[in-house]
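# Predicted model and sequence follow; I will ask about them next.
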Amino acid sequence: MTRVLYPGSFDPIHNGHLEIIETASRLFDEVLVAAMRNPQKGEPLFTLEVRQAMLEETVAHLENVRVTMFSSLVVDLARKERADFIVKGLRAVSDFESELQMAQMNHKVSGVDTLFIPSASAHSFLASKLIREIARFGGDVTAMVPPAVGKRLEEKYTVD
């Protein structure tokens with residue numbers, strides 16, 4: 001049985017993330033999606049608990065996908081969960097440069113390999129940061145995010 005870990009901040013999860021999760025669920029026996037607090041990305045829009053709930057709602061149709069949250073090193077979680085690989089999605093060359101460095105560092109400190117899954121061009125422009133910004137100013141992001149996320153973004157930015 002092959003178990004993979006797909007870590008990310010998922011603040012919020014979008015259709016590009018979902019594409020990577022669905023692809024991994026077809027390729028591997030078990031996929032663990034882990035929402036994390038990433039201090040390099042500033043203050044999150046949603047709490048870890050809300051992000052976990054959105055992830056769980058979004059992947060409910062995938063029987064071999066579990067969701068968790070963590071605040072440690074990715075490699076520590078990978079070892080704890082006995083993940084065979086870390087999975088990362090790639091949108092563009094710029095993603096590859098930063099993800100390759102992280103993959104090499106993770107391998108050096110833990111021996112865990114990282115596998116890259118490229119996103120389809122239909123999702124290659126999606127970024128949580130941009131989705132948050134569009135939603136904050138009242139733009140329509142419903143085609144870019146799963147329904148559970150669209151609902152929460154609307155609640156977050158609706159002004160009475």
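Cool, got the structure.

# okay, now Met105: neighbour count?
When neighbours are counted by other CB atoms under 10 Å, Met105 registers 13. Glycine gets a C-beta too; all of them are placed from N, C-alpha and C.

# Downstream of the helix or strand harbouring it, the next helix or strand is which one?
Using DSSP states H and E, Met105 falls within helix 93-110. Proceeding N to C from helix 93-110, the next assigned helix or strand is strand 113-118, under DSSP H and E.

# That following strand pairs with which strands, parallel or anti?
Taking DSSP bridges as the criterion, strand 113-118 forms sheet pairs with strand 85-90 (parallel).

# Sketch out the low-pLDDT regions of this protein for me.
39, 41, 159-160 (pLDDT under 70).

# change it to 90
Applying pLDDT under 90 to the chain flags residues 37-43, 71-72, 92-95, 120-124, 156-160.

# Please enumerate the strands of it.
Ranges of strands in the chain, per DSSP state E, are 3-8, 30-36, 65-70, 85-90, 113-118.

# wait, which of the ones you listed is closest to Met144?
Nearest of those to Met144, taken as CB to CB: strand 85-90 at 14.8 Å.

# contacts for the closest one?
Residues outside strand 85-90 that contact it (CB atoms under 8 Å, 6 or more residues apart in numbering) are 2, 4-7, 16-17, 19-20, 24, 28, 31, 74-75, 78, 95-96, 99, 102-103, 106, 112-119.
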